[in-house]
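Colleague: Mind folding the following:
(one chain, ligands or ions: 1)
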Amino acid sequence: MIEFRKTGKVAQLHDPRAGFALTGVPSEVRHDPLTGDTSRICHFSFPPRQLPELGALAEGTRANCPFCPERIEQITPRYPESLVPGGRMRRGEALLVPNLFPYDDVSAIVVMSHAHFLPMDALPARVIADALLLARDFICIAQGQLADRQAWGLVTWNYMPPSGASQVHPHLQVIVTDTPGNALRRELAAESDFLARHGVPYPRALLEAERAAGERLVLEESGIAWGAPYSPCGLLGDVQAVFRERATLAELADAEIEAWAAQLARIAAAYARLGLWSFNLTLFPDAAGERSGRHWLTARLLPRLYLHPHLYNSDAAYMQLLLAEKFAMVHPERHAADLRAALPP
Ligand SMILES: [Zn+2]
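Modeller: Next comes the predicted model:
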C-alpha cells in the first residue's frame with residue numbers, strides 16, 4: 001500500500017576541486033508516498049553555522065516586547081464576552097488573546113510564558129503543555145462560531161526570527177477556520193482516496209511501513225510516533241509526530257498533550273544540540289466532527305536557519321515558494337539517526 005519511491009540523478013561536470021576531472025554529482029528526487037509530490041535531496045556547500053549571541057538578541061528586544069508581563073494587559077486586545085467570558089483565557093503562565101492582526105474569523109495568540117526568551121535546549125514541557133491545553137480549550141469554544149461550516153482548529157508556532165517570528169517572546173497562533181490551507185486540504189483529499197482504495201487509514205499504513213523500514217523513526221511513546229518524513233521538506237531535515245487514532249486537538253486528553261509536550265521539549269533540545277535555534281511547528285488536524293477515520297493528527301517541526309551567518313539569507317527561496325518543490329541537503333535516514341543520537345533522556 002505504501003511505496004517509498006525515489007529517482008537518482010547524476011550531473012556531469014569537470015570539477016575544479018579535483019583537477020577538472022570529469023565527475024558525476026548525484027542528487028535524488030523522492031516522491032511523497034501519499035500525494036506523489038516530489039522533493040529533492042542535493043549537495044550544497046555553505047559556511048559553518050554559528051550560533052548567534054542569543055542573550056543579546058533577547059535583551060535587545062525586551063524593552064519593546066508586547067508580550068512581557070508588565071505590558072501585555074494594556075497592549076493586547078480582548079474577545080467579546082459572548083465568545084470568551086472575561087475577554088482572555090489563562091492556564092499556568094499561558095495567556096490567550098485575540099490576534100490584533102487576524103488571519104481569519106477566529107484568530108488568537110497564545111503567549112506561552114512570562115519569560116521573554118526560552119532557549120531551545122531548555123523549553124519547559126509544562127509551558128508547552130499549558131499553551132497547547134489552552135489552545136485546545138479555545139478551539140472547543142470557538143468552533144461553534146462556524147456552526148454551519150466545517151471547522152479546522154489549527155495551532156502553529158514560529159520560534160525565533162529565522163522562522164518568520166516577529167517576536168522573540170514565545171507565542172503560538174491559533175485559528176479556527178473553514179479554509180485550512182492548501183497543503184492540509186490536498187492531504188485530506190488524498191487520505192480519503194487512500195481509505196476508499198485500501199480500506200485502511202493512510203497514517204496507520206504509513207506507521208506500519210515505517211516500523212518495518214525502521215530507519216526513519218526517532219521516538220515512539222505514549223501513542224505518539226516521531227519520525228523523519230521519507231520525502232523531506234527542510235533544508236536540514238524535518239520531523240513529524242503522529243497521534244495514533246486521534247484526528248483533532250480537541251480529541252486529546254490532558255495526559256496526551258502533556259506527553260507530547262515533554263517529547264517536543266526533548267526533540268527541540270536535540271535540534272539545539274545539532275546547532276539549530278529556530279523552527280516552524282504546525283499541527284495538521286482533520287475537521288471537527290469528521291467521522292471517516294481517514295486522518296490522524298500530526299505535528300510537523302521544520303528547523304529554520306540563516307544559510308550564512310552574516311548575509312542572513314533565508315533557507316527558503318524560489319524552489320520552495322514558487323515551484324512548490326521541497327528541497328533538502330540531508331537524507332531523512334541520516335537525519336533520524338542524528339536526532340536519535342542527540343535526543344536527551
Ligand atoms: Zn517579552
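
Colleague: can you tell me how far the residue nearest the centre of the chain sits from Ala241?
Modeller: The centroid of the chain falls nearest to Leu281 when counting by CA atoms, centre = their mean (2.3 Å). According to CB to CB, to the nearest Å, Leu281 and Ala241 sit 10 Å apart. The C-beta positions use only the backbone N, C-alpha and C, and glycine is treated the same way.

Colleague: For those two, list the residues in contact with both.
Modeller: Among the neighbours of Leu281, those also in contact with Ala241 (CB atoms under 8 Å, 6 or more residues apart in numbering) are 264, 299, 301.

Colleague: I'd say Leu301 and Phe279 touch.
Modeller: Yes - here Leu301 lies in contact with Phe279, judged by CB atoms under 8 Å, at a distance of 5.4 Å.

Colleague: how close does Ser314 sit to Ala269?
Modeller: If you go by CB to CB, the gap between Ser314 and Ala269 works out to 25 Å.

Colleague: What residues does this protein have near the ion?
Modeller: 65, 67-68, 116, 169 (CB under 5 Å from the ion).

Colleague: Apply 6 Å and report the result again.
Modeller: Within the chain, the positions near the ion by CB under 6 Å from the ion are 62, 65, 67-68, 116, 169.

Colleague: and the residues you listed, which are buried?
Modeller: Neighbour counting by 16 or more other CB atoms under 10 Å classes 65, 67-68, 116, 169 among the residues of the chain next to the ion as buried.

Colleague: Among those residues, which pair sits farthest apart?
Modeller: Phe67 and His116 (7.7 Å; CB to CB).

Colleague: Quick check: neighbours shared by these two?
Modeller: Both Phe67 and His116 are contacted by His169, under the criterion CB under 8 Å, 6+ apart.

Colleague: more crowded one of Ser314 and Ala269?
Modeller: More crowded of Ser314 and Ala269, by other CB atoms under 10 Å: Ala269, with 18 against 15.

Colleague: Now the more buried one: which helix or strand?
Modeller: Element membership of Ala269, judged by DSSP states H and E, is helix 254-273.

Colleague: What is the helix or strand following that helix packed up against?
Modeller: Next helix or strand after helix 254-273 toward the C-terminus (DSSP H and E): strand 279-284. Secondary-structure packing of strand 279-284 (3 or more CB pairs under 8 Å, 6 or more residues apart in numbering; DSSP states H and E): strand 152-159, helix 182-198, helix 254-273, strand 298-303.
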